[in-house]
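> Here you go, sequence then predicted model.
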Amino acid sequence: MIDGVEVHVLVADDNVGILETTAAILRSVGYIVTEAQDGEAALEELNQKPFDVVVLDERMPKLNGTEVVRTMCPEPPPPVIVMASAYDFDLDFRQSLGTKVFKYLKKPVPPKVLIEAVGEALDSQRDVVA
């Protein structure tokens with residue numbers, strides 16, 4: 001809970017160690033975190049309940065992060081996407097997703113950077129609503 005408001009974050013990563021660490025970091029600052037081990041599981045979670053922010057690995061089995069972003073239902077309000085990868089996000093990749101991804105992070109993501117990115121994603125959502 002942040003400022004008396006429940007904040008729901010979906011974390012999707014096929015690397016169990018990164019998934020659990022990312023989830024633990026976000027829980028430590030008060031977010032309610034749901035974990036998904038691949039893109040298909042992430043889409044299932046997104047179809048079952050609303051999330052404020054999605055922290056999404058790009059390279060995952062079944063569906064990669066790009067496929068999840070392109071397939072997810074854009075029902076208002078859509079979650080803010082933070083994409084993470086050990087690989088670089090080149091300009092063509094970023095342009096292919098347009099404004100659907102709020103921020104791109106390079107793995108390994110330091111805890112402080114992760115927390116700041118999710119906070120900024122939430123702030124961007126609040127700016128749209130306000």
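Now that the structure is in, tell me what you want to look at.
> drop to CA atoms for contacts and neighbour counts, all remaining ones
Fine.
> Can I get the strand or helix carrying Val68 in PDB, CA atoms only?
Under the criterion DSSP states H and E, the helix or strand holding Val68 is helix 65-71. Listed in PDB are the C-alpha atoms of helix 65-71, where the atom choice follows Å, rounded to 0.1, in the frame of the first residue of the first chain:
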ATOM      1  CA  GLY A  65       7.500  -9.100 -23.800                       C
ATOM      2  CA  THR A  66       6.800  -7.400 -27.100                       C
ATOM      3  CA  GLU A  67       4.000 -10.000 -27.900                       C
ATOM      4  CA  VAL A  68       2.500  -9.400 -24.400                       C
ATOM      5  CA  VAL A  69       2.500  -5.600 -24.900                       C
ATOM      6  CA  ARG A  70       0.900  -6.000 -28.300                       C
ATOM      7  CA  THR A  71      -1.700  -8.600 -27.200                       C
END
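> tell me which strands and helices whatever helix or strand comes next after it is in contact with?
Beyond helix 65-71 in the direction of the C-terminus, DSSP H and E gives the next helix or strand as strand 80-85. Packed against strand 80-85 by the contact rule (3 or more C-alpha pairs under 8 Å, 6 or more residues apart in numbering; DSSP states H and E) you find strand 53-57, strand 101-106, helix 111-129.
> which outside residues touch strand 80-85?
Applying C-alpha atoms under 8 Å, 6 or more residues apart in numbering, the set of residues contacting strand 80-85 from outside is 52-59, 65, 69, 100-107, 117-118, 121-122, 125.
> Any chance you could spot the residue sitting in the middle of the chain?
Central residue of the chain (C-alpha atoms, centre = their mean): Val55, 1.8 Å from the mean position.
> residues touching that residue, list them.
Taking C-alpha under 8 Å, 6+ apart as the criterion, Val55 is in contact with Val9, Leu10, Val11, Ala12, Ile81, Val82, Met83, Ala84.
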